[in-house]
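**Student:** heads up, no residue letters with this:
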């Protein structure tokens, strides 16, 4: 086996490869080796910036969509409330002394002469889509009842 040697950087002497100190001047050969430093925190910090920016952007978009939907919902509710106020009749006061109601005796009437009742249902509606476009309107339904 051959003897591998190195040259001392301080004094130029030939020294075997296996020794740590130069036999001539005492130079420390392992002291000149670079110390291994971890770049892990710097790498993680650099890699985390795009991720954090993406997460912040996503959170902002989500918050904006929630605000838009709440604003639209509040606008639709106020439109429905305003429409219902227009549709509802004004309240009337009862007569000061109403006359007592006497029950009427049942009278048989022919089918054509019977009284009819009509129930009217008025509804206000509003529909919105994902793009923030709202449509609103009113519907009226009638139900005729025979007494």
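**Tutor:** Received it, and whenever you're ready, just let me know what you need. Keep in mind that this is a model prediction, so the values were computed, not measured. Numbering: from 1, shown residues only.
**Student:** the closest residue to residue 7 other than its chain neighbours - how many residues pack around it?
**Tutor:** Leaving out its chain neighbours, the residue that sits closest to residue 7 by CB to CB, 6 or more residues apart in numbering is residue 14, at 6.0 Å. From N, CA and C alone the C-beta is placed, and that goes for glycine too. Neighbour count of residue 14, defined by other CB atoms under 10 Å: 12.
**Student:** show me where the protein has strands.
**Tutor:** Ranges of strands in the chain, per DSSP state E, are 5-7, 14-16, 116-128, 134-146.
**Student:** show me what the last one is packed against.
**Tutor:** It stands for strand 134-146. Secondary-structure packing of strand 134-146 (3 or more CB pairs under 8 Å, 6 or more residues apart in numbering; DSSP states H and E): helix 40-87, strand 116-128.
**Student:** as TSV, the ones you listed with mean pLDDT, distance to residue 28 and mean neighbour count would be great.
**Tutor:** Shown next, in TSV, are the helices and strands packed on strand 134-146 (pLDDT from 0 to 100; distance: least, CB to CB, whole Å; neighbours: other CB atoms under 10 Å):
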stretch	mean pLDDT	distance to residue 28	mean neighbour count
helix 40-87	79	29	11
strand 116-128	84	77	12
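**Student:** of all those, which one comes closest to residue 142?
**Tutor:** strand 116-128 (5.4 Å; CB to CB).
**Student:** I'd guessed residue 137 sits against residue 123; true?
**Tutor:** No: in this structure residue 137 lies outside contact range of residue 123 using CB atoms under 8 Å: 9.2 Å.
**Student:** shared neighbours of these two, anything?
**Tutor:** Counting by CB atoms under 8 Å, 6 or more residues apart in numbering, residue 137 and residue 123 have no shared contacts at all.
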